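Undergrad: Fold the following.
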Amino acid sequence: MRILFTVILLIPIGVLGQLGIKTKQHSAQNNQAYELYSLNHYQNVNHTAGGSVNYTYGAGSSNNINNYDMQYPPLHHGSGGRPQPYPGQPNSGSLVVVDKTVKFLNETRSKMASGVCYKEVKTVTLVSAGEIPKGNGSDPTLSKIRVCCDGYERNVHNFLQCDPICKNDCINGICVAPDVCVCYPDHVRNYAGYCLPTCPIGCGNGVCQDDGSCLCKPGYELDHFSKKFCAPVCSNGCRNGNCTAPEVCECSNGFELSDHGSCDPKCDNCENGKCIEPGVCTCLSGYQRKNDKCEPICTKECKNGFCAAPDICGCNPGWVLDASATNCVAHCDQPCLNGFCSGNNVCSCHTGYIQDEVNPNLCRPHCPGGCPNGFCTSPNYCICKAGFVKSGVKGRTQCTPV
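TA: So this is what the prediction gives:
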């Protein structure tokens, strides 16, 4: 079903300012042409007490909308090039002055995308009065419906219209696409993306001069492109960021302020590497990307330790590097007598020796058969006490009385 959309306008002088449309008063000497319209020419229009206008939508329904959406007839000139009332209409009635801001709004909005998209939904979800409509989608179970595209929202005055969304307020401008703001005439976008008035209306961080130029305050300079507003000066240049005030640099997303005042790319876990762009870390020579970090490379295995730097081993606690600087050997605070250090302050005995029950760093010789009347002085070897001698059988460890 086609919906009739008719826009009819009636605006007395001065209503533009009340409705939020910026107007500009000009002196008599200014020979710029202005649009003059006879309001008696319009039909089917009603004014509300608040100064807004009723527009017809379809079968006689009315809706209050803001002057922001209004369209104006083309410029008409009479003889001598002077603006004239709209042709074919009486010369009585109030007149409207349309300045370049209003024309800018009309021209800009006429070029904007509708923001209307279509998507398929299950036809059964569109049941009305107990009846399931016939599907018009890719198959009978699906139907196409109008929705606002991503980045757009439904217009509060006209539910058939979708308006773009600008997350930051589009002050002194118009939001023409998602997060895209176009500045009004006599305004210019600064480095932060905001629309600032220019001379003679104003001069951000400066003073308008008689010749229409802008004289900047200390710590500011004319921007290098438009030469119409004063931008703060950061001596380091504020690369990858925005100089928000004199010598104050605010870094862009993905960058962070370094110690020397510049905005460097930001990476997580980029030790032993170089962050070449946001989130991209390149490891230095001798390192490789492993476990989401740059780890050193050792060409030889680090036994009982770890690779601490390229071809340099570090030892686990209780271990120390040997002369080769690649192997980690155990460390004991006290020497191991008749044994060797096998761990952190852990002694292991040589063959034929057993650990002393009192001193863990001492390994005593072991004689499996014992040494009655004598002493075990080496593995399986006894020395007799005074008054005792070994038996005459070779290899026997018994000590007998003399």
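
Undergrad: tell me the domain ranges of this structure?
TA: Following automatic domain parsing, one gets these domains for the chain: 1-111, 119-185, 186-232, 305-363, 372-401.

Undergrad: Any idea how many residues pack against the closest residue to residue 260 other than its chain neighbours?
TA: Excluding the flanking residues, the one nearest residue 260 by C-beta to C-beta, 6 or more residues apart in numbering is residue 236, at 7.4 Å. Heads up, the C-betas are built off the backbone N, CA and C, glycines and all. Residue 236 has 14 neighbours, counted by other C-beta atoms under 10 Å.

Undergrad: again, but for the one 5 residues further on
TA: By other C-beta under 10 Å, the residues close to residue 241 number 22.

Undergrad: Skip the chain neighbours and tell me the closest residue to the residue positioned nearest the centre of the chain.
TA: Geometric centre of the chain, nearest residue: residue 253, 4.8 Å, by C-alpha atoms, centre = their mean. Using C-beta to C-beta, 6+ apart and skipping the chain neighbours, the partner closest in space to residue 253 is residue 278 (7.6 Å).

Undergrad: residues contacting the one you found?
TA: Counting by C-beta atoms under 8 Å, 6 or more residues apart in numbering, residue 278 touches 253, 254, 255, 265, 266, 267.

Undergrad: Low-confidence stretches in the stretch 101-250 of the chain?
TA: When residues are selected by pLDDT under 70, none of them lie in the stretch 101-250 of the chain.

Undergrad: How about the stretch 251-400 of the chain?
TA: For the stretch 251-400 of the chain, the ranges with pLDDT under 70 are 392-397.

Undergrad: 50 instead?
TA: By pLDDT under 50, the stretch 251-400 of the chain has no low-scoring segment.

Undergrad: Which elements pack onto the host helix or strand of residue 117?
TA: Under the criterion DSSP states H and E, the helix or strand holding residue 117 is strand 116-122. Applying 3 or more C-beta pairs under 8 Å, 6 or more residues apart in numbering; DSSP states H and E, one finds that strand 116-122 contacts strand 142-148.

Undergrad: quick check: angle from the strand it packs on to strand 116-122?
TA: Angle, strand 142-148 to strand 116-122, by axes from the mean of the first three to the mean of the last three C-alpha atoms, to 10 degrees: 150 degrees.

Undergrad: contact partners of the helix or strand that comes right after strand 142-148?
TA: Using DSSP H and E, the helix or strand that follows strand 142-148 in sequence is strand 152-154. Taking contacts as C-beta under 8 Å, 6+ apart, the residues outside strand 152-154 that touch it are 115, 116, 148, 161, 162, 163, 164, 165, 178.

Undergrad: Tell me the one of the residues you listed nearest residue 325?
TA: Closest approach to residue 325 among the contacts of strand 152-154 (C-beta to C-beta): residue 178, at 60.7 Å.

Undergrad: My guess is the closest one contacts residue 163. True?
TA: No. The pair residue 178 / residue 163 is not scored as a contact, 10.1 Å apart, by C-beta atoms under 8 Å.

Undergrad: Between the two, point out the one with more neighbours.
TA: residue 163 (19 against 16).

Undergrad: Kindly state the beta-bridge partners for the more buried one.
TA: Using DSSP bridges, the beta-bridge partners of residue 163 come out as residue 153.

Undergrad: residues contacting it?
TA: Residue 163 makes contacts with 115, 152, 153, 154, 155, 175, as judged by C-beta under 8 Å, 6+ apart.

Undergrad: hmm, 7 Å instead?
TA: Contact analysis of residue 163 by C-beta atoms under 7 Å, 6 or more residues apart in numbering lists 115, 152, 153, 155.

Undergrad: Could you do residue 220 as well?
TA: 205, 206, 230, 231, 232, 233, 246.

Undergrad: can you tell me how far the second one sits from residue 217?
TA: Okay, so that is residue 206. 6 Å (C-beta to C-beta, to the nearest Å).

Undergrad: How about residue 364?
TA: Distance of residue 364 to residue 217, given as C-beta to C-beta: 91 Å.

Undergrad: Which residue of the two possesses the greater neighbour count?
TA: residue 364 (17 against 14).

Undergrad: ok, which stretches of the protein are helices?
TA: Taking DSSP state H as the test, the helices found in the chain are 15-18, 100-110.

Undergrad: Switch those over to a markdown table; also include mean neighbour count and distance to residue 373.
TA: Formatted as a markdown table, these follow (neighbours: other C-beta atoms under 10 Å; distance: least, C-beta to C-beta, whole Å):
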| stretch | mean neighbour count | distance to residue 373 |
| --- | --- | --- |
| helix 15-18 | 16 | 126 |
| helix 100-110 | 16 | 117 |
